[in-house]
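In: Turn this into a structure:
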Amino acid sequence: MAGGVVKVYGATASPFVATVLVCLEEVGAAYEVVPLDMAACEQKAPHHLARNPFGKIPALEDGDLTLFESRAISRYVLRKYSNAAGGADLLREGNLEEAAMVDAWVEAEAHQYQPAISHIVRQCVILPMIGGARDQRVVDEHATKLREVLRVYDARLGERAYLAGEFVSLADLAHFGFTHYLMRTEYAALVEERPNVRAWWGRLSARPAVKKVVALMPTDW
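Out: The predicted structure is shown next:
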């Protein structure tokens with residue numbers, strides 16, 4: 001494998017960090033998770049702001065490159081290390097139309113899926129992790145939004161095995177972190193009630209890279 005060990009700064013409890021780790025596992029890149037003390041707001045400390053000026057996680061260091069924003073990191077990892085390993089093209093950059101569909105569904109995740117699911121996960125998982133209590137009004141509002149998004153996804157996945165086509169790609173992997181946590185709440189029913197979404201999530205969950213990262217994530221809250 002070309003290059004040294006990639007450093008990922010953050011916490012494996014973060015859905016954004018977990019999705020980056022899945023991409024690293026998919027391409028077999030050597031990486032190290034460098035934990036940040038989120039309770040002490042280390043992500044806002046000057047040494048981390050030098051990596052991510054917005055004080056968020058994850059941040060990635062690969063040699064002289066420092067990068068932030070999980071989707072940008074994921075694209076970088078898949079471009080560099082898939083090419084180095086001669087592995088699967090999870091961005092489908094060898095085919096213009098397929099690459100366009102990957103981009104479209106990564107955008108759908110960013111602008112449709114994540115804004116709905118993230119509020120449910122924060123209220124039902126993240127807040128309990130840090131000793132908080134959920135606001136059920138927020139959960140109910142976003143469960144309604146997510147149900148409608150999943151209606152669209154179910155129709156799409158009734159036509160093909162994965163979001164961008166008959167191939168797994170970043171379009172699917174980008175959904176991993178938040179969906180993993182949703183499926184450990186009562187709101188897993190939103191996925192279970194959509195047979196095509198349920199089958200798609202089953203295929204993703206069975207991937208060795210996903211199983212490796214799940215083992216790094218918290219199981220209790």
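
In: can you list the domains in this protein?
Out: 6-82, 96-212 (the TED database).

In: Quick one: end-to-end distance for the shortest one.
Out: Using Cα to Cα, to the nearest Å, the gap from the first to the last residue of domain 6-82 comes to 14 Å.

In: Can you verify my assumption that residue 26 contacts residue 209?
Out: Yes: look at residue 26 against residue 209 with Cβ atoms under 8 Å: they come within range, at 4.5 Å. Where C-beta positions appear, they are placed from N, C-alpha and C, glycine not excepted.

In: ok, these two, which is more surrounded?
Out: More crowded of residue 26 and residue 209, by other Cβ atoms under 10 Å: residue 26, with 26 against 18.

In: Residue 208 versus that one, what's the distance?
Out: Here residue 26 is placed at a distance of 9 Å from residue 208 (Cβ to Cβ, to the nearest Å).

In: Need the residues touching each of these two.
Out: Here residue 26 and residue 208 share no contacting residue, scored by Cβ atoms under 8 Å, 6 or more residues apart in numbering.

In: burial count for residue 136?
Out: Residue neighbour count, defined by other Cβ under 10 Å, stands at 11 for residue 136.

In: actually residue 75, sorry about that
Out: Neighbour tally, residue 75, other Cβ under 10 Å: 21.

In: can you tell me which residues contact residue 20?
Out: 8, 58, 60, 70, 73, 74, 77.

In: Past the one helix or strand it maps to, which element shows up next along the chain?
Out: Assigned by DSSP states H and E, residue 20 belongs to helix 15-27. Per DSSP H and E, helix 15-27 leads on to strand 31-35 as the next helix or strand towards the C-terminus.

In: Just give me how far that following strand sits from the chain centre.
Out: 17 Å (Cα atoms, centre = their mean, to the nearest Å).

In: from the chain's centre, how far out does the next helix or strand along the chain from that strand sit?
Out: Note on strand 31-35: by DSSP H and E, the next helix or strand toward the C-terminus is helix 46-49. When C-alpha coordinates are averaged (Cα atoms, centre = their mean), helix 46-49 and its chain have centres 23 Å apart.
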